[in-house]
Structures are given as structure tokens and as C-alpha cells.
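> 3D, please:
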Amino acid sequence: QVQLVESGGGLVQPGGSLRLSCAASGRTFSSYSVGWFRQAPGKEREFAAAISWTGRTTSYADSVKGRFTISRDNAKNTGYLQMNSLKPEDTALYFCAATSRLPSKNPHDYTDWGQGTQVTVSS
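Numbering: from 1, shown residues only. From the prediction side, this is the model:
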């Protein structure tokens, strides 16, 4: 099991940027794929991005492709989600999650979750 803590959320104007961090502790972070998901009020949790153990493989939801970049630093046991050109529809609670399996878009494939960090995009 790995414990995850997200940070970096906040209020930003449309077109702005934020970088979310996901700090891990417990089991060896480098053994886990990491995913970022988000959930807006009244909506289901949706996939945003995922990255493999080594960081060589990444995937993105169409809605964030070209604007968000997922990365990781295994030496620091931390994952990141760089979010640029933010839109009001990006407003949501953002979660990071870990799985010992291959990166996946399915939240049910992830075994460990953080508590989330709120991102609000508004003028």
C-alpha cells in the first residue's frame, strides 16, 4: 500500500496554470503507475492522465491533451500534473491514484487514492 497526498490546487483565472503534486509514502513509489482523476460536483470521477512506473509511457484524456502534462520524480517519491491553459470546465476536485498494474484510464484499476485537491478556474 502507498499513501498519497495531493497539493497545489487553488483558484486560477481562465488561461492560467497550476501544478499539482502527489507525494507518496509507504511502498516503493517507483513500482507504481500513477493516475490523475478529477470529479466535478454532481459528476462522476473521470480520468485525466496516467504515467507508467518509469515515466516513459503516458496517456491523457482528450479533454486535457495538449494542455496538461503528467510527470514523476521517483527520487522524490512525487508525481506531478502540470495544467496549462485552464478552462472553467477544468474546475473539479483532483485526485492522484496508484496501481501496481499498467497505467489505466479506469479508476477501478487503482488501489490507493489521495484525498484530493480542489482546482477552481474562474474569473
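> Find the residue at the geometric middle of this protein.
With the centre of the chain defined as its mean C-alpha position, the nearest residue by Cα atoms, centre = their mean is residue 36, 2.5 Å away.
> Please verify my assumption that that residue contacts residue 83.
No: assessed by Cβ atoms under 8 Å, residue 36 is found out of contact with residue 83, at 9.4 Å. Bear in mind the C-beta positions are built from the backbone N, C-alpha and C, glycine included.
> Quickly list what's touching both of the two.
Common contacts of residue 36 and residue 83, defined by Cβ atoms under 8 Å, 6 or more residues apart in numbering, comprise 20, 68.
> For this protein, which segments count as helices?
Taking DSSP state H to define them, one finds no helices in the chain.
> contacting residues around residue 98?
When contacts are counted by Cβ under 8 Å, 6+ apart, residue 98 is found next to 2, 4, 24, 29, 32-35, 110-112.
> Out of these, which comes closest to residue 56?
Taking Cβ to Cβ as the measure, residue 56 sits nearest to residue 33 out of these, at 11.4 Å.
> And the residue found closest to that closest one once you drop the neighbours it is linked to in the chain, how close does it get to residue 59?
Using Cβ to Cβ, 6 or more residues apart in numbering and skipping residues adjacent in sequence, the residue nearest residue 33 is residue 103, 4.3 Å away. Noted for residue 103: a distance of 6 Å to residue 59, by Cβ to Cβ, to the nearest Å.
> Could I get the average pLDDT for stretch 86-94?
Stretch 86-94 shows a mean pLDDT of 98.
> in it, what counts as buried?
Residues of stretch 86-94 classed as buried under the neighbour-count rule (16 or more other Cβ atoms under 10 Å) are 86, 90-94.
> Among those, which one sits closest to residue 73?
For those, the minimum distance to residue 73 (Cβ to Cβ) is 18.4 Å, reached by residue 94.
> Tell me, how many residues neighbour the nearest residue to that closest one once chain neighbours are set aside?
Spatially, and ignoring its direct neighbours in sequence, residue 94 is nearest to residue 38 (4.8 Å; Cβ to Cβ, 6+ apart). Number of residues near residue 38 (other Cβ atoms under 10 Å) recorded here: 22.
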